[in-house]
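Q: Provide a 3D model corresponding to the input given below.
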Amino acid sequence: MAGTRGISRFRGEQLRSQILRDRHFDENSKINENKVDIKFHNHREILEDTKVDVFVQVNNQVVQGLSSLDVTVAMASRPVATVAGEGIVTGVRLELRKQGTEDFPFIDNDGDRVYGKIRFDSTASKYFLDFFSEVGGVESVYTFASDAAAVDYRYVLRTNLSVIPVDALIQGGSGFVANATDAEAYMNLKQIMKDLYVNGTLDNDGNANLAKPLVAQISDEATARSNADTAILEDLASVLAGEGASLVGVVSDVNHSGMTVQAAITDLASRVKAAEDKVEVLQNESERFVVEAVGGETQILLPGGKKALPKTLFLSLNGSIQAPGINYAELVDGDGNVTGVSFAPETLKGADAVTGNEADVVFIWYKEVL
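A: So this is what the prediction gives:
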């Protein structure tokens, strides 16, 4: 029964009745603190001994014309951090951002980023944010222009887990601190990398993965395209065989042979030359015809409405050459071409059976107007 009495006392002091059927503690019978041994001091020491670097952001700092900015007030009289001690971490490269932007850096004249480093001046007991950029691969002091935009920056504060400042940033500081990793930025870089290289890798060695930079490749391609276009234009303008018009195609047509401009021109030119030769032959050959007079004719017209070129018509009467303007007159049209001859007032004689006289015979030759 001793065991039973112990259970009764325990139930009455701390637990509700019917404990075997109800697993909840009695709200009206709380456990006293002296019954619980939690070593808060030891836990606090553990938190204090665990150091962590956090980022404290400072916004809208005017840097016009400055190579160094006094940031003592922002550091809030904190000491310089040591390896095991808390305080401001100095000498660490801090990326700068244009005021109010998430990831918009300052760039110097030759394309390098401008960054800062916290420095403590022990003589003046002040903190300074010094500005730098690389010149020829060497870290050099950078002075902002007189119209430079204000900057945002985050400095590194070494503290412990028990007293993290309320303005500290546990995450999201990678955009400001060198060598930190930002997941979103890394994924964006991976996406850009795949867009550029299809399936390349970022090996984090700082060296180019391409044998030739993209800018150089684009420039070379533009130069090659320009040279190729120039070569095409020169070929089209060339008069050498196999170039120029020989490179330009034409639509097939039954009226010419050849599938290039040069071949078609050659074909058509040969046809034109042949036609000209025929015309020249025709012009050099004389048309001739003979008329036997019936009697009483005062003029003779060229047969079939033909016309003779000026000064090319010759006429003989009964075998004797006749002189124009003396023995006959030329009949001409408005263009000066000869259409016939006139003997007026003389007339031609026909054959006379009584007298036995023969008819006049007129022989005319001329170069026809084609």
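Q: CA only for contacts and neighbour counts going forward, please
A: Will do.
Q: low pLDDT regions in the stretch 101-250 of the chain?
A: Residue ranges of the stretch 101-250 of the chain with pLDDT under 70: 102-103, 164-191, 193, 197-209.
Q: need the helices for it, in chain order.
A: 183-197, 214-237 (DSSP state H, counting those that start in this stretch).
Q: between these, which one is nearest to Glu243?
A: With CA to CA, the closest approach to Glu243 among these belongs to helix 214-237: 5.4 Å.
Q: What residues of the very next helix or strand once past that closest one count as buried?
A: The C-terminal neighbour of helix 214-237 among helices and strands, as given by DSSP states H and E, is helix 261-284. The neighbour-count check on helix 261-284 (16 or more other CA atoms under 10 Å) flags 261-265, 268, 283 as buried.
Q: picking that back up, need the helices of the stretch 101-250 of the chain in TSV (columns: mean neighbour count and distance to Gly336).
A: Output for the helices of the stretch 101-250 of the chain, formatted as TSV (neighbours: other CA atoms under 10 Å; distance: least, CA to CA, whole Å):
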stretch	mean neighbour count	distance to Gly336
helix 183-197	12	82
helix 214-237	12	46
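Q: which parts of stretch 295-312 are buried?
A: Applying 16+ other CA under 10 Å to stretch 295-312 flags 297, 299-300, 302, 307-310 as buried.
Q: so which of the residues you listed comes closest to Phe55?
A: For the buried residues of stretch 295-312, the nearest to Phe55 is Leu309 (108.8 Å; CA to CA).
Q: partner residues bridging Tyr366?
A: Note on Tyr366: beta-bridge partners by DSSP bridges are Glu287.
Q: mind listing what it touches?
A: Residues near Tyr366 by CA atoms under 8 Å, 6 or more residues apart in numbering: 286-288, 308-309, 312-314.
Q: Check the buried residues of stretch 295-312 against Ala74 and report the nearest one.
A: Ranked by distance to Ala74 (CA to CA), those are led by Leu309 at 111.8 Å.
Q: I'd assumed Glu368 was in contact with the closest one.
A: Yes: under the criterion of CA atoms under 8 Å, Leu309 makes contact with Glu368 at 6.0 Å.
Q: before we move on, back to that, would you turn the helices of the stretch 101-250 of the chain into a markdown table with distance to Asn60?
A: Formatted as a markdown table, the helices of the stretch 101-250 of the chain follow (distance: least, CA to CA, whole Å):
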| stretch | distance to Asn60 |
| --- | --- |
| helix 183-197 | 24 |
| helix 214-237 | 35 |
